[in-house]
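1. Give me a model of this one.
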Amino acid sequence: MAFDFLVPVKKKVLAFSELLPPQALGKNIHKHTEKKGLPVFANATVAIFGVLESRNAYEKKPEKLDLDGIRIQLYRLMAGNWNSTILDIGDVEEGDTVEDTYFVVKEIVAGLLEENIIPIIIGATQDITFPAYRAFDKIRDMVNLVSIDSRFDFGEDDELISSHSYMSKIITDKPNNLFNFSNIGYQSYFNAQEEMDLMERLFFDAYRLGEVAANLELAEPVLRNSHIVSLDLRAVRAGEMGMHPNFSPNGFTGREICTIARYAGISDKVSLFGIYEGENSPQAFQMIAQIIWYFIEGISFRVKEFPSSKSEDFTKFTVPTDTEELIFYKSHVTERWWVEVPSILPEHTKTNSVALLPCTEGDYLDACNQNIPERWFKAYRKGFN
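-> Residues are numbered from 1 along each chain as shown. All right, here's what the predicted structure looks like:
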């Protein structure tokens, strides 16, 4: 029923796509049109849709996000050598209330997840992450969320949900299905010390902009363990987004944010990708389109693998340290790393079994130098609290 609220792709966008060469994405995306209705969902890989809701914006939006402009830039890009079937199912407009919009978004996302289709949301404001998260209620017991953002978005104690406080709503709302939250790209001067302290108390992970920009591979294991990825475009520097005043001179470059989007696509756990807080400028439209392109590119390189000492595709490394004996695995297929963490989830504590936490080769080398990796320590502490 929620799919009935989707507005078809506009006729001017369809007319533009007709003029494109056969190799362009616009000729290879199955679209929701007024004439033909929704495309067939069977065997689809991803479904793109826009959400125009912006009434909970922290900085009020003077105009609606031009989703048609984003589509035109996306459609004109050349398709990669992909096996992905891509849908564009149209847009969700503002409901009578913000809660009405949230309900429709939640139901659409849940419907797509049940079909094993990855939703790509282009949202006006990042508070749309909240209903997208709630869509997992009947899909997964526990969810890992990664936010690519210059801010943690916890907001003030008495603040209602907004694009700067949606995380507080996610943390406190019942049922609490959030197992882990990770931030990639925060900038210290945008976050109060109390927010940083809260991240530490909850054993959440946070990676500063400079830390990640200096070594983008740090983001890969974080995204490999995520189910939801929420990208606030204000994590991208203003020069890449058309110099809009809502953007900071510091942030990820276009190349860096596209690399991170590709890492998100490669992760076989990521089931939803949201892009929020865009502005209306030709440069911003191109940036959003290219981020989506790289995410879909990543999906085409997904490899389902589960480390095991019994498999010839993995090497097991046992590293004794002063406090713990750490077990690492390295894949010979993808060269990715994992480390065992005891009792990381409730079902593991009942059987005294272990979970496998994605990590980097640097974590293995740190352990060899008798330094327990911080990501292992936080996961271990969380499993026992």
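
2. so residue 276 bridges to which residues?
-> As for beta bridges, residue 276 partners with residue 123, residue 232 under DSSP bridges.

3. just use 23 as the starting number from now, easier for me
-> Will do, 23 is the new start, and the previous item becomes residue 298.

4. isn't it right up against residue 258?
-> No - judged on Cβ atoms under 8 Å, residue 298 makes no contact with residue 258 at a distance of 11.7 Å. The way it works is simple: take the backbone N, C-alpha and C, and place the C-beta from them, glycine included.

5. Who has more neighbours out of the two?
-> When residue 298 and residue 258 are compared on other Cβ atoms under 10 Å, the one with more neighbours turns out to be residue 258, at 28 against 24.

6. what residues are up against that one?
-> Counting by Cβ atoms under 8 Å, 6 or more residues apart in numbering, residue 258 touches 269, 273, 274, 275, 276, 279, 309.

7. can you count the residues close to the second one?
-> The burial count assigned to residue 273 is 22, neighbours taken as other Cβ under 10 Å.

8. What values do phi and psi take at the residue lying closest to residue 230 once chain neighbours are set aside?
-> Sequence neighbours aside, residue 208 is the residue nearest to residue 230 in space, at 6.0 Å (criterion: Cβ to Cβ, 6 or more residues apart in numbering). Dihedral pair for residue 208: phi -70, psi 150, per degrees, to the nearest 10.

9. any idea how far residue 208 is from residue 84?
-> Separation of residue 208 from residue 84 (Cβ to Cβ, to the nearest Å) stands at 27 Å.

10. now residue 160
-> Noted for residue 160: a distance of 38 Å to residue 84, by Cβ to Cβ.

11. Which one of the two is surrounded by more residues?
-> A direct count of neighbours by other Cβ under 10 Å for residue 160 and residue 84 places residue 160 higher, at 10 against 6.

12. which residues in the stretch 123-272 of the chain form strands?
-> Taking DSSP state E, counting those that start in this stretch, the strands of the stretch 123-272 of the chain run over residues 140-145, 165-170, 200-208, 227-230, 250-254.

13. The shortest one pairs with which strands?
-> So the one you mean is strand 227-230. By DSSP bridges, strand 227-230 pairs with strand 200-208 (parallel).

14. Show me which positions of the strand it pairs with end up buried.
-> 200, 201, 202, 203, 204, 205, 206, 207, 208 (16 or more other Cβ atoms under 10 Å).

15. how about the helices in this structure?
-> Assignment of helices within the chain using DSSP state H yields the ranges 33-40, 89-97, 120-136, 151-156, 188-194, 215-223, 231-236, 241-246, 276-288, 304-321, 368-373, 383-390, 396-405.

16. tell me the angle of the third one relative to strand 140-145?
-> The reference is to helix 120-136. Relative orientation of helix 120-136 versus strand 140-145 (axes from the mean of the first three to the mean of the last three Cα atoms, to 10 degrees): 160 degrees.

17. Enumerate the positions of stretch 390-399 that are buried.
-> Buried residues in stretch 390-399, counting neighbours by 16+ other Cβ under 10 Å, are found at 394, 395, 397, 398.

18. Could you dump the residues you listed into TSV with distance to residue 387 and pLDDT added?
-> Shown next, in TSV, are the buried residues of stretch 390-399 (distance: Cβ to Cβ, whole Å; pLDDT from 0 to 100):
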residue	distance to residue 387	pLDDT
394	13	93
395	10	92
397	14	90
398	13	92
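
19. For residue 136, state which of those is nearest.
-> residue 397 (31.6 Å; Cβ to Cβ).

20. hang on, the earlier thing: now render the contacts of residue 258 as TSV, adding pLDDT and distance to residue 288.
-> TSV is the format used below for those (pLDDT from 0 to 100; distance: Cβ to Cβ, whole Å):
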residue	pLDDT	distance to residue 288
269	92	27
273	97	23
274	98	18
275	98	20
276	97	19
279	98	15
309	98	20
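
21. could these go into a markdown table alongside distance to residue 115?
-> Shown next, in a markdown table, are the contacts of residue 258 (distance: Cβ to Cβ, whole Å):
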| residue | distance to residue 115 |
| --- | --- |
| 269 | 25 |
| 273 | 30 |
| 274 | 30 |
| 275 | 33 |
| 276 | 29 |
| 279 | 27 |
| 309 | 24 |
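
22. For those, I'd like a selection string for ChimeraX - just the buried members, please.
-> Selection of buried members from these for ChimeraX, criterion 16+ other Cβ under 10 Å:
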select :269,273,274,276,279,309
